[in-house]
Structures are given as C-alpha cells and as structure tokens.
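Colleague: Just need the structure, nothing else, for what follows:
(one chain, ligands or ions: 1)
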Amino acid sequence: MRIGVIGAGAISPLYLRYLTRRDDVTVAAIADLNLERAASRAREFSLSAGLTPAALLARGDIDLVLNLTTPAAHAAVSAAALHAGKHVYSEKPLAISPTDGARLVSQAAAAGRHLACAPDTILGSGIQTAIQALDAGVIGRPVGVTLAFLNHGHEHWHPDPAFYYQPGGGPVLDMGPYYVTALVSLLGPVTRVVSLAAQTFARRIVTSPARAGEEIVVGVPTHVVGLLETAAKVPVQVTMSFDVWHHTLPHLEIYGTEGTLEVPDPNTFGGPVRVRRADEAAARELPLRPDLPQEQARGVGVVDLVHAVREGRPGRLDGVLGAHVLDVLAALARGGDTVITSTVSRPLPVGTS
Ligand SMILES: NC(=O)c1ccc[n+]([C@@H]2O[C@H](COP(=O)([O-])OP(=O)(O)OC[C@H]3O[C@@H](n4cnc5c(N)ncnc54)[C@H](O)[C@@H]3O)[C@@H](O)[C@H]2O)c1
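Modeller: Residues are numbered from 1 along each chain as shown. As a prediction, the model looks like this:
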C-alpha cells in the first residue's frame with residue numbers, strides 16, 4: 001500500500017517519522033500548495049521530490065492519501081482524493097461542516113474507497129486500557145463523565161497559528177476530536193448536546209517567533225461549556241477552552257456505580273489509567289496494555305486503515321465515526337440545544353474483531 005501525503009506543515013514530520021519506519025506501508029510522495037515546503041519535507045524524509053497536490057493525485061502508484069492540510073481544506077482535499085480513486089486518511093476534524101462530513105462519507109461509500117479520520121490516539125495503550133477496564137466492569141455501570149480541555153491557545157508556539165481561530169479551529173473543533181472520539185470509543189454515540197459558547201477575545205496576538213506581534217481576528221468561540229447525553233443515557237459535562245491559564249479539572253473521568261475511572265489525556269497514546277473503587281482508600285494505576293503504543297505514534301491509524309483495506313473491513317477510525325464526532329462538536333460550538341441525528345457503533349477495541 002503506497003501512501004501520498006498532502007500537507008507538509010508542522011504535524012507532517014510526526015507522521016512521516018512513524019510511517020517511514022514501518023515495513024507494512026510505503027510513503028511514496030508528499031505534496032503541498034507550498035512547493036518549497038513539500039520539497040524540503042521530501043528531502044528530510046528521502047521521498048521523491050515534493051509535488052503539487054494535483055500531480056500527487058494523478059499518480060497511479062499511490063493508493064492512499066494522507067490529508068494533513070489545515071481544517072478548512074480537509075473536505076476539498078479528501079473529496080479530490082476520493083474522486084481520484086484513493087483511500088483517504090484525514091487529520092481531524094473530518095471537515096468543518098457536518099454537511100461536508102456526511103457528504104465525504106457518502107462519496108467514499110459510492111466510490112468503494114475507505115475513508116478514515118484522526119485522532120489515532122484512541123488506538124494507543126492508554127485509551128485502550130481504559131476501554132478494557134470499563135468493559136470488565138471495574139467501575140460498574142457508568143453514571144456520569146467529565147471531559148475537559150483548557151489551555152491558552154496555540155499562538156505562543158505554532159509557527160502559523162491563525163487557522164486555530166477560524167472556522168474549523170477553536171478549542172472545540174481543534175481539540176474536541178480527541179475528547180469526543182475517546183468518549184464515543186468508551187461509551188458509544190452521543191444523542192443530544194446542550195451548550196453555551198463564548199468568544200472571550202475579539203483578537204489574539206501571536207507570540208511564537210515566526211510571526212511574533214501579528215494580530216489574529218478571532219472567528220470562533222473560545223470558551224465552551226456543554227452537556228452531552230450518550231445513547232445509553234449517560235450525562236457528560238464538557239469544558240473546552242483556549243482562554244484559561246491554569247486549571248485542575250481532569251481530562252476525562254468516568255464515574256460508575258462501583259467507582260471512578262481516570263482516563264489519560266486523549267491527546268496522548270499512553271497512561272496513566274487509574275481506578276478507585278468504592279471500598280479503596282486511594283486510586284491505583286492499572287497496568288497498560290503492552291501490545292499497543294504508549295509513546296508518540298501518530299500514523300498508527302493510517303496503518304490500521306491499510307490493514308482494514310487489505311482485510312476488507314472498516315477501519316477503527318472510519319469516516320462514519322469522524323462524521324458523528326463532527327456533528328457533536330459542531331453542535332457544541334454553535335451553542336443551544338441540539339438533537340444529534342447521526343450515530344455510529346462504538347469502534348471495536350483493538351485486538352477484537
Ligand atoms: N501541529 C500540531 O501539533 C497538530 C497536532 C495534531 C493534529 N494537527 C492537525 O494537522 C493538520 C495540519 O496542522 P499543521 O499544524 O501541520 O498545519 P500547518 O499550517 O503547519 O500545515 C498545513 C499545510 O497544509 C498546506 N495546505 C493547506 N491547504 C492545502 C491544500 N488545499 N492543498 C495542499 N496543501 C494545503 C499548507 O500549505 C501547509 O503547509 C490540522 O488539521 C491540525 O488540526 C496538528
């Protein structure tokens with residue numbers, strides 16, 4: 001299976017480092033609108049010269065496109081790749097509008113191609129160990145969940161951070177995919193979203209060196225507080241913010257009839273996973289699944305997709321999951337009370353079929 005990467009920006013080296021070390025996939029080419037950037041990334045990873053996106057899609061020896069463009073470009077780039085007969089793995093979110101997300105799912109089905117979407121952190125040892133513990137009944141039946149992602153945005157480190165404050169960015173669409181994909185993997189789909197979405201600052205000033213002093217006009221809510229209800233009627237409280245300097249909320253905590261499960265940061269592959277049952281004096285750490293990545297392994301979802309194509313099964317990060325997560329996130333970012341009409345089966349835990 002030969003992979004062509006479109007998007008040679010900040011995240012691409014993480015994927016390329018992981019994928020170029022594997023012997024079950026081959027990265028054949030890289031493209032970007034910025035040819036200079038594509039060429040320099042191609043040199044760094046000994047790939048054939050950097051290409052234009054159109055030239056990459058025209059190559060018959062590329063089976064799968066890894067879409068690492070910025071969120072607003074995801075839908076168009078994935079649609080063009082499906083149209084060219086490629087399987088697609090997209091960075092998150094699948095698209096920036098639920099309509100585009102659903103359209104991509106239909107297009108892939110009609111074309112008989114696989115479509116999958118990040119984040120692949122849910123295939124890591126941390127989240128999979130938590131799923132195993134939950135399924136084993138360690139905390140009994142879930143009665144509630146807290147999800148929280150709060151920081152002060154990306155303008156202090158990212159070389160080109162404006163996109164984080166445009167539609168498709170903001171804490172909800174940028175970081176929400178990690179949290180809501182992990183939630184669905186643990187507890188299944190979401191049926192209702194209630195939310196208050198605030199845009200705290202009209203403008204943000206970049207402090208990262210490449211564009212220090214530049215002003216970003218904010219076009220998305222940056223502090224969002226919401227409630228989700230899962231299909232199994234578990235209430236979930238969510239806070240997503242780019243406006244908070246310090247906090248003490250857990251990343252993802254599940255409360256059950258018999259105890260509490262502390263799930264690790266869904267933006268990482270490792271632990272710790274902690275459990276405290278009703279009769280225990282303190283939380284204890286569970287051993288992590290040794291068969292799955294615990295360190296940075298961005299690209300493991302692409303490998304899952306490659307195996308899914310070969311085995312003729314849907315990938316664990318199938319586009320249907322990405323589209324459902326996008327529906328939930330769009331409702332959270334919009335504010336108000338929304339019934340979620342899309343649904344998805346909980347992805348099979350890794351190692352089960
Ligand atoms: N940077 C991170 O730490 C990080 C982490 C996880 C996920 N992501 C996700 O990865 C994606 C890319 O983020 P990034 O930080 O690498 O952004 P970036 O701005 O550094 O790079 C994006 C690249 O895509 C190219 N591009 C944009 N539109 C294009 C198009 N239509 N055709 C071809 N190329 C196009 C740009 O020229 C740029 O080189 C985003 O979806 C982001 O949410 C980023």
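Colleague: Just give the number of residues close to the residue nearest to Ser46 when sequence neighbours are not counted.
Modeller: Among residues not flanking Ser46 along the chain, Thr20 sits closest, at 7.8 Å (C-beta to C-beta, 6 or more residues apart in numbering). For the C-beta atoms, the positions are set from N, CA and C on the backbone; glycine is no exception. Other residues lying near Thr20 total 15 when counted by other C-beta atoms under 10 Å.
Colleague: The longest helix along the chain - contacts with which helices or strands?
Modeller: The longest helix of the chain (DSSP state H) is helix 170-187. When contacts are defined as 3 or more C-beta pairs under 8 Å, 6 or more residues apart in numbering; DSSP states H and E, helix 170-187 sits against helix 125-135, strand 142-150, strand 190-198, strand 223-230, strand 235-241, strand 252-256, helix 319-334.
Colleague: Excluding chain neighbours, give the residue nearest to the residue in the stretch 201-350 of the chain that the ligand sits nearest to in space.
Modeller: Closest contact between the stretch 201-350 of the chain and the ligand, by C-beta to the nearest ligand atom, is at Arg298 (7.1 Å). Leaving out its chain neighbours, the residue that sits closest to Arg298 by C-beta to C-beta, 6+ apart is Leu14, at 4.4 Å.
Colleague: Quick one: residues contacting the residue in the stretch 1-150 of the chain positioned nearest to the ligand.
Modeller: In the stretch 1-150 of the chain, the residue that lies nearest the ligand is Gly9 (1.7 Å; C-beta to the nearest ligand atom). By C-beta atoms under 8 Å, 6 or more residues apart in numbering, the contact list for Gly9 reads 32, 37, 68-70, 160.
Colleague: which of these sit farthest apart?
Modeller: Leu68 and Asp160 (13.7 Å; C-beta to C-beta).
Colleague: The two: who's more crowded?
Modeller: Leu68 (26 against 15).
Colleague: which residues does the closest residue to that one other than its chain neighbours contact?
Modeller: In space, Leu68 comes closest to Gly7 once its chain neighbours are excluded; the distance is 3.3 Å by C-beta to C-beta, 6+ apart. Contact partners of Gly7, counting by C-beta under 8 Å, 6+ apart, are 32, 67-70, 73, 77, 91.
Colleague: and these, which of them are in strands?
Modeller: Among the contacts of Gly7, the members falling in strands (DSSP state E) are Asn67.
Colleague: any chance of the contacts of Gly7 in CSV, plus distance to Val190 and pLDDT?
Modeller: As requested, those are exported to CSV (distance: C-beta to C-beta, whole Å; pLDDT from 0 to 100):
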residue, distance to Val190, pLDDT
Asp32, 35, 98
Asn67, 25, 98
Leu68, 27, 98
Thr69, 27, 98
Thr70, 26, 95
Ala73, 26, 97
Val77, 27, 98
Glu91, 22, 98
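Colleague: Name the member of the contacts of Gly7 with the shortest distance to His114.
Modeller: Distance ranking of the contacts of Gly7 against His114, using C-beta to C-beta, places Asn67 first at 13.0 Å.
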